[in-house]
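Asks: Structure for the following, please:
(2 chains, ligands or ions: 1)
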Amino acid sequence: MTMNRIDQRFAALKAQSRRALIPYITAGDPAPQYTVGFMHACVEAGADVLELGVPFSDPMADGPVIQKACERALKHGTRLADVLDMVASFRETDSTTPVVLMGYLNPIERMGYEAFVRRARDAGVDGVLMVDMPPEEATAIAPLFAEYGLQSIFLLAPTTSSTRAATICAHGEGYLYYVSLKGVTGAASLDVEAVARQLAPLREMTDLPLCVGFGIRDGETAAAVGRVADGVIVGSALVSRIAENAERPEAIPAALKAVLGDMRDALDR
Amino acid sequence: MTKFSDLTRLPDAQGHFGPYGGRFVSETLSFALEELEKVYMSLRDDADFQAEFDRDLAHYVGRPSPLYHAERWSEKIGGAQIWLKREDLNHTGAHKVNNTIGQALLAKKSGKPRVIAETGAGQHGVATATVAARLGLKCEIYMGAEDVERQKLNVYRMRLLGAEVHPVESGSRTLKDAMNEALRDWVTNVDDTFYIIGTVAGPHPYPAMVRDFTAVIGREAREQSLAQIGRLPDALVACVGGGSNAIGLFYPFLEDEDVAMVGVEAGGDGVETGRHAAPLTANAPSGVLHGNRTYLMSDASGQVSDTHSISAGLDYPGVGPEHALWKDVGRVSYVAANDDAVLEAFRELTRVEGIMPALESAHALAHAKVMAASMRPDQHIVVNLSGRGDKDIHTVAKLDGLEF
Ligand SMILES: Cc1ncc(COP(=O)(O)O)c(C=O)c1O
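Replies: Numbers count the residues shown, from 1 in each chain, chains lettered A, B, ... in the order given. Predicted structure coming up:
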C-alpha cells in the first residue's frame, strides 16, 4: 500500500526541516459553493494539511467564532455527505494535499461507520479527527479506518495525564494535535513556554509529528510555536476573516491568503 | 434474554450500559472525569460520606418524602389506587436536590471552590444555587434564553441565592444549548470548577453517580409501599426528561420483576407531529451528544433536532443511556404524554387533591390516569411527583390569557 498523504507530507517537511502550516475552515461557511475554492486558496498560500470542519448543531468544544461558522453552514443545509463531495471535488485538481475531516461524532454515527469510511476513502479524505471521540471510544471504528486507509488523529491537552498520553500516542496516526490551552477554540492566548515544557515528555513517547492548535493568531504566534512544534494549526483566526466577509465571499480567498501567507513566511524564516 | 439482575451491575468500567453511555468528550475533560470517577468511587462506599449525605437528606432536604394515597383522584378515575411519591415536598421543590446535595459534597471533598450547572426548568439550577449558598461555593448557572423567559420565577430565585445566571442564546436556546455552554465553561475552568450535571446523562461517571444519589427515592418508596400498601405496587410511573427522577424511583425495584415500570416522555404536540421531546417513544436512532451514546433525536445527517415540550425540564433531544438500555431489554416501557393531556392532569390534581404538580411531573400523572382507568381498584400505582408546580404558574396563566 502506498504511504498515506499525511505521512508523505510530514516526511517531506522533515527532510526540509520545515514546519507544517495547517489551516482549519468550516465546510459550507459562508455557503457550500465557496468551500472548495477556499481550500485551494489555502494551499496556494502555503498550507501543508487542510483540516475541514464538518458543521454540527452542537459544537461543544468550540468558541463563538466556530459556533457561528457552523450556524452559517447549517443554514445552507451543509451535511456530512456534502462535505465529502467537496473533498472529492477538491481532489479533481489537488491529489497531494492531505485533507483531515474535523468535527463531532454524531454525523458519522448517523451515516453509519461502514458507509462513512467507504465514502470518505472514495472522496479522498486522509484523516479523521472527531473532537468527542477519544481512543477509548474509537475501538469500533478504528479497524474500519485501518481497512480503508484513513488515519485517526487524536487530541492531547494540557490536562492529559502521562498514562493517557501513552495510550493516545499508541493509537494516534498521522500527527498528534496538541491543544495549547484549557478552553474552547478561539480562546485568548497561548503560553509558548508552557507548550514547550509539555511537548518535551511527549517527544519521548512518540515519533509522530506534534502539531499545536488553539490560540495561533498571526505570524508571530505561529513562528513562536513553530520553534517548539512540528506544525501549527490555525482555525478561528481564519474563520473570523470568513465571518467578516460573509456578505462578499469573493473577497475571502485573498483574506485567507493574507493570514496564511504571513504565517508561512514567519514559519519559514 | 438479559436477566434483570444483570442490569444492576452496570455500567461497565468504561461507563457503558450495553451499547450506550461511555465518555465521548474532548481530551481536555478526560482527566477531570477520571479524577471525578476516582473520588466518587472512593466515597461511594465510605461510611462517613454516606452518613453525611443521609444527614443532609434528612435535615436539610426533609426526607423521607411521604408516599401519599391520592384517594379522591383514584376514586374519580375509578380504577387502580394511585400513590404519589411526594418529591415536591423536598426543600427547593423537586427531586433534583437529592443529586445536588451529593455532588456538592463531592465538590467540597475535591477542593473545588466553584460549581456550574445547566438547567432547563430551573429546578436543578435552584437546587445547585441552594447547596452552593449553603457551602459557600461560587455558583454559575447556564440556562437557555427561551427557558429564562418561561421560568422567570426560578431565574430570580437563583439570583437571590447568589448565583450568576447566564442566558444561552445559541442553537435552540433550551436545555441542550445550556449544557453545551456549561461544558465550554468546564473545559475552560476545569482546574477550580466542579460541573454539577442535573440528570442521568453526560459522560461517565455522571449517569451512574446521579442515579446513585437519586435512588433514595425508590428505596424509600419500596419500604413505604410494603408498610402502607402491604406489598409492592403493581406499577411505577415517572416522567423522563434526562431521566433522573425516573431512574431514582425505578432503580431499587429493577429486580422486582412483577413491578411494571413506565417512563413518560414529553409528547409535545404529539409524537406523530415531530414536535415532541420523546426520543425513546419515537424510536429515535442512536447517537452521541454531551458525552454519551443514547437514543437521540437528530435528522438524517446527524444534526440534533429541535424539540418541543410545554415543560422546560423535559425539552431535551436525548435521554440518559441507562434508560436506552432498559428500553432495549424490555425492563421498562416508555410512552409519551401530549401537552394537552398534561395540562388537564395538572389542573385535575390541583383541583381534586389540592396538590399543584410541576408540568414535568404532570406527564407522569397524565399517563398514570390512563393506566389506572384500565386496572382494578385492588391494584396500586406509585407515581413520582417529581416537583411542585409554582414555577409553572406563569406558563399555565398565559394559556388562560393572563399575564402577571
Ligand atoms: C420537577 C421536575 N421533574 C422532572 C424533570 C426532568 O428531569 P429528569 O428526567 O432528569 O427527572 C425536571 C427537570 O427540570 C423537573 O424540574
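Asks: Let me see the ranges of the helices in the stretch 101-250 of chain B.
Replies: B:123-135, B:145-150, B:152-160, B:175-188, B:206-214, B:216-228, B:244-250 (DSSP state H, counting those that start in this stretch).
Asks: Check those helices for me and report the most buried one.
Replies: helix B:244-250 (a mean of 31; mean count of other C-beta atoms under 10 Å in any protein chain shown). The way it works is simple: take the backbone N, C-alpha and C, and place the C-beta from them, glycine included.
Asks: so for that helix, what's the average pLDDT?
Replies: For helix B:244-250, the mean pLDDT works out to 98.
Asks: by contact count, what packs against it?
Replies: helix B:96-109, helix B:206-214, helix B:216-228, strand B:235-239, strand B:260-268, helix B:321-329, strand B:380-385 (3 or more C-beta pairs under 8 Å, 6 or more residues apart in numbering or on different chains; DSSP states H and E).
Asks: okay, these in TSV with mean pLDDT and distance to chain A next?
Replies: TSV is the format used below for the helices and strands packed on helix B:244-250 (pLDDT from 0 to 100; distance: least, C-beta to the nearest C-beta, whole Å):
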stretch	mean pLDDT	distance to chain A
helix B:96-109	97	18
helix B:206-214	98	15
helix B:216-228	98	30
strand B:235-239	99	24
strand B:260-268	98	19
helix B:321-329	98	13
strand B:380-385	99	29
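Asks: how about those, which one is nearest A:Ala258?
Replies: helix B:206-214 (44.6 Å; C-beta to C-beta).
Asks: Longest helix in the chain, by number of residues?
Replies: Going with chain A. Using DSSP state H to define each element, chain A has its longest helix at helix A:252-268.
Asks: my bad, the chain I had in mind was chain B
Replies: From DSSP H, the single longest helix across chain B is helix B:27-44.
Asks: what's downstream of that helix, the next helix or strand?
Replies: helix B:47-56 (DSSP states H and E).
Asks: What mean pLDDT does that following helix get?
Replies: For helix B:47-56, mean pLDDT is 97.
Asks: interface residues of the stretch 301-404 of chain B facing chain A?
Replies: B:301-304 (C-beta under 8 Å from any C-beta of the partner chain).
Asks: Let me see the contact set for residue 124.
Replies: Defaulting to chain A. A:87-88, A:90-91, A:95, A:99 (C-beta atoms under 8 Å, 6 or more residues apart in numbering or on different chains).
Asks: hmm, I had chain B in mind actually
Replies: Contacts of B:His124 (C-beta under 8 Å, 6+ apart): B:94, B:96, B:100, B:117-118, B:196, B:198-199.
Asks: show me which of those neighbour the ligand.
Replies: Contacts with the ligand within the contacts of B:His124, as defined by C-beta under 6 Å from any ligand atom: B:94, B:96, B:199.
Asks: pretty sure the second one contacts B:Gly248?
Replies: What that stands for is B:Lys96. No - judged on C-beta atoms under 8 Å, B:Lys96 makes no contact with B:Gly248 at a distance of 10.1 Å.
Asks: one step back: got the helices of the stretch 101-250 of chain B as TSV, with distance to A:Val128 columns?
Replies: Formatted as TSV, the helices of the stretch 101-250 of chain B follow (distance: least, C-beta to C-beta, whole Å):
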stretch	distance to A:Val128
helix B:123-135	35
helix B:145-150	34
helix B:152-160	41
helix B:175-188	21
helix B:206-214	27
helix B:216-228	42
helix B:244-250	34
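Asks: give the contact list for the nearest residue to A:Arg269 once chain neighbours are set aside.
Replies: Distance criterion C-beta to C-beta, 6 or more residues apart in numbering or on different chains; nearest residue to A:Arg269, sequence neighbours excluded, is A:Ala223 at 6.8 Å. Residues in contact with A:Ala223, defined by C-beta under 8 Å, 6+ apart, are A:263, A:266-267, A:269.
Asks: residues of the helix or strand hosting A:Ala223 that come out buried?
Replies: Using DSSP H and E, A:Ala223 sits in helix A:219-226. By neighbour count on 16 or more other C-beta atoms under 10 Å in any protein chain shown, the buried set for helix A:219-226 is A:219, A:221-226.
Asks: and which of the residues you listed is nearest chain B?
Replies: Comparing the buried residues of helix A:219-226 against chain B with C-beta to the nearest C-beta places A:Val225 closest, at 18.0 Å.
Asks: Would you check that that closest one makes contact with A:Val212?
Replies: Yes - counting by C-beta under 8 Å, A:Val225 does reach A:Val212; the two are 5.0 Å apart.
Asks: Identify the contacts common to those two.
Replies: Joint contacts of A:Val225 and A:Val212 (C-beta under 8 Å, 6+ apart) are A:180, A:190, A:195, A:232.
Asks: who in the stretch 101-250 of chain A is up against chain B?
Replies: Checking the stretch 101-250 of chain A against chain B by C-beta under 8 Å from any C-beta, the hits are A:104-111, A:131-134, A:136-137, A:154-161, A:164, A:168, A:179, A:182-184, A:187.
Asks: Of those, keep whichever come out buried.
Replies: The buried subset of these - by 16+ other C-beta under 10 Å - is A:104-111, A:131-134, A:136-137, A:154-160, A:164, A:168, A:179, A:182-184, A:187.
Asks: Could you tell me which of those residues are located in strands?
Replies: A:154-156, A:179 (DSSP state E).
Asks: Including pLDDT and distance to B:Lys85, could those residues go into TSV?
Replies: Listed next are these as TSV, based on pLDDT from 0 to 100; distance: C-beta to C-beta, whole Å:
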residue	pLDDT	distance to B:Lys85
A:Phe154	98	45
A:Leu155	98	44
A:Leu156	98	47
A:Val179	96	45
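Asks: Relative to the ligand, which of the residues you listed is nearest.
Replies: Nearest to the ligand out of these is A:Leu155 (C-beta to the nearest ligand atom; 30.1 Å).
Asks: Need the nearest residue in space to that closest one, chain neighbours excluded.
Replies: The nearest residue in space to A:Leu155 (C-beta to C-beta, 6+ apart) is B:Glu27, at 4.0 Å.
Asks: Report how many residues lie close to residue 50.
Replies: You didn't pick a chain, so chain A it is. 24 (other C-beta atoms under 10 Å in any protein chain shown).
Asks: The intended chain is chain B.
Replies: So B:Gln50, with other C-beta under 10 Å, has 13 neighbours.
Asks: distance of it from B:Leu43?
Replies: Distance, B:Gln50 to B:Leu43, by C-beta to C-beta, to the nearest Å: 8 Å.
Asks: for the stretch 101-250 of chain A, which spans come out with low pLDDT?
Replies: Counting by pLDDT under 70, the stretch 101-250 of chain A shows no low-confidence range.
Asks: Could you do chain B as well?
Replies: Filtered on pLDDT under 70, chain B yields the residue ranges B:1-2.
Asks: Alright, that wraps it up for me.
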